[in-house]
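> below are the sequence and a predicted model; questions follow.
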Amino acid sequence: MARTTTSPDRPLPAPEAIEAVFFDLDDTLVDARGSWRDGFADAITELHARSPALQRLGSPTAIYDDWFRRYGEEAHRAAGFGEWQASFTVESFERLVAEHLGPDPALAARLVASYRAAAPARLAIFPDAEPLLERLGARYPLGLISNGPSELQRPKIEKFALERHFEVVLVSGELGIRKPDPRIFAMALEALGVSPAGCVFIGDNPTDDIAGARAFGLSAIWVNRGDWRAPDPGEADALPHAEVRELREIPALLGLEGG
C-alpha cells in the first residue's frame, strides 16, 4: 500500500502543479535484479548439477544471492562506486570458481559468456510499468534517467521500446556523470524546460534516485521492492515524499482521478 512520508520540505505536488515526471530504469521499470539472478542460475545449472562443492553452497539462485552478488558489490566498492564495469562480472566468476572449485580461468570465462547470453534474455518489464507510462504520459512530459554503461542500458530500453514514452532519455555512461550528481538532473530538467518544484522522480535506489532527486529540489517517490535498506528517520535527505511497493499505486498517490 502506498504511503506518504513526513518530508522536511513539502508534500507531493498537486496533479495540476506537476510539470514533468522522471523515472529510473533498473528495478523501477524493468526487473534487472531478477534477470541477473535468473541469468546466473542458467549459466551455472549444468556445472552445479555435477559439482558437490557448489551444491554445498545451496541452489544456483542461493549462490547468486549469498556469494556472486557480494563479489560484484565488493568489486564495485573497490572501484569507488563509479559506473559498473564488465570486469566486475569477470572478477566475480573468477572468485567463485577459484574459492570453491579451484583456480580455472577457462571455466570462469565460459561461465561469463553463458551469463552474458542468458541474463538479457531473462530481462522482463514489470507488468504495471507500461500502463503507468501510458497513464502519466497522456498528461505529463516524461523523462528517463538511468545509471549504467550505454552498452547495458540501451538494449534494455530498446527491448521494450521504452524510448517512445519519454521526451528525454539520459544514460550516465554516455555523459560521464551519474545519479546522484545534480548535473544529470539539471540536464534532464533543462531538456524539458521544467522547474524542480514541479517535477516528480520515481526510482528504487534511496541514494541515487531519492536523495539525488531531492537534493536538486524534485519530489521523490520510492519504489521499495525490498532490495535496499529503508532510510532512517534521521536521514532526512534520503526520505522519499512517498513510498510504494508497486507502480500501480502511483496514479492514486498523485491524486489522478480514478487511481
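Received, thanks.

> and the spatially closest residue to E246 that is not a sequence neighbour, how far from E174?
Of all residues not flanking E246 in the chain, D128 sits nearest, at 5.8 Å (Cβ to Cβ, 6 or more residues apart in numbering). Yep, even glycine has a C-beta here, placed from its N, CA and C like the rest. Distance of D128 to E174, given as Cβ to Cβ, to the nearest Å: 28 Å.

> what of P141?
Distance of P141 to E174, given as Cβ to Cβ: 21 Å.

> pick out whichever of the two has more residues nearby.
P141 (19 against 14; other Cβ atoms under 10 Å).

> does that one touch L192 like I think?
Yes - P141 is within contact range of L192, at 5.1 Å (criterion: Cβ atoms under 8 Å).

> shared neighbours, the two?
Common neighbours of P141 and L192, using Cβ atoms under 8 Å, 6 or more residues apart in numbering, are E19, A20, E167.

> wait, the last one touches L192, no?
Okay, so that is E167. Yes - assessed by Cβ under 8 Å, E167 is found in contact with L192 at 6.0 Å.

> who's more crowded, those two?
Between E167 and L192, L192 has the larger neighbour count (other Cβ under 10 Å), namely 18 against 15.

> report the contact partners of that one.
Counted by Cβ under 8 Å, 6+ apart, L192 has contacts E19, A20, P141, G143, E167, V168.

> now R154
V171.

> next one, pLDDT for it please.
The model reports R154 with a pLDDT of 97.

> which parts of whatever helix or strand it lives in are buried?
Using DSSP states H and E, R154 sits in helix 150-159. Buried positions in helix 150-159, judged by neighbour count with 16 or more other Cβ atoms under 10 Å: L152, Q153, R154, K156, I157.

> equivalent analysis for stretch 185-202, please.
Going by neighbour count (16+ other Cβ under 10 Å), the buried part of stretch 185-202 is F185, M187, A188, L189, L192, V194, P196, G198, C199, V200, F201, I202.

> just to be sure, the third one is in a helix?
Yes - counting by DSSP: H, G, I helix; E, B strand; the rest coil, one finds A188 located in a helix.

> from P60, how far out is it?
A188 is 38 Å from P60, by Cβ to Cβ.

> how many residues are close by L57?
16.

> quick check, it in contact with I63.
Yes - using Cβ under 8 Å, L57 is in contact with I63, at 5.0 Å.

> so V21, which of the three states?
strand.

> which residues touch it?
Per Cβ under 8 Å, 6+ apart, neighbours of V21: L136, Y140, P141, L142, G143, C199, V200, F201, I202.

> the fourth one against L29, yeah?
No - at 10.9 Å, L142 does not count as touching L29 under the criterion of Cβ under 8 Å.

> what residue ranges in the stretch 1-150 of the chain score low on pLDDT?
Scanning the stretch 1-150 of the chain for pLDDT under 70 picks out the ranges 1-10.

> where along the stretch 101-250 of the chain do the helices fall?
Here the stretch 101-250 of the chain has its helices, by DSSP state H, counting those that start in this stretch, at 105-122, 129-137, 150-159, 172-175, 182-192, 212-215, 250-253.

> for those helices, could you give me TSV that also reports distance to D227?
Formatted as TSV, those follow (distance: least, Cβ to Cβ, whole Å):
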stretch	distance to D227
helix 105-122	17
helix 129-137	16
helix 150-159	17
helix 172-175	19
helix 182-192	21
helix 212-215	17
helix 250-253	18
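
> can you say which of those helices is nearest to L25?
Of all those, helix 150-159 sits nearest to L25, with 6.5 Å by Cβ to Cβ.

> how far does that closest one sit from the chain's center?
Here helix 150-159 is found 13 Å from its chain centre; the criterion is Cα atoms, centre = their mean, to the nearest Å.

> stretch 54-68 now?
With Cα atoms, centre = their mean, you get 23 Å for stretch 54-68.

> got the CA coordinates for that stretch in PDB?
Output of stretch 54-68 as PDB, limited to C-alpha atoms (Å, rounded to 0.1, in the frame of the first residue of the first chain):
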ATOM      1  CA  LEU A  54      28.700 -25.900  -5.500                       C
ATOM      2  CA  GLN A  55      25.800 -28.000  -4.200                       C
ATOM      3  CA  ARG A  56      27.000 -27.500  -0.700                       C
ATOM      4  CA  LEU A  57      26.600 -23.700  -1.200                       C
ATOM      5  CA  GLY A  58      22.900 -24.100  -2.000                       C
ATOM      6  CA  SER A  59      20.800 -23.800  -5.100                       C
ATOM      7  CA  PRO A  60      22.000 -21.700  -8.100                       C
ATOM      8  CA  THR A  61      19.900 -18.800  -7.000                       C
ATOM      9  CA  ALA A  62      21.100 -19.100  -3.400                       C
ATOM     10  CA  ILE A  63      24.700 -19.000  -4.700                       C
ATOM     11  CA  TYR A  64      23.900 -15.800  -6.600                       C
ATOM     12  CA  ASP A  65      22.300 -14.200  -3.500                       C
ATOM     13  CA  ASP A  66      24.900 -15.300  -1.000                       C
ATOM     14  CA  TRP A  67      28.100 -15.300  -3.000                       C
ATOM     15  CA  PHE A  68      28.100 -13.900  -6.500                       C
END
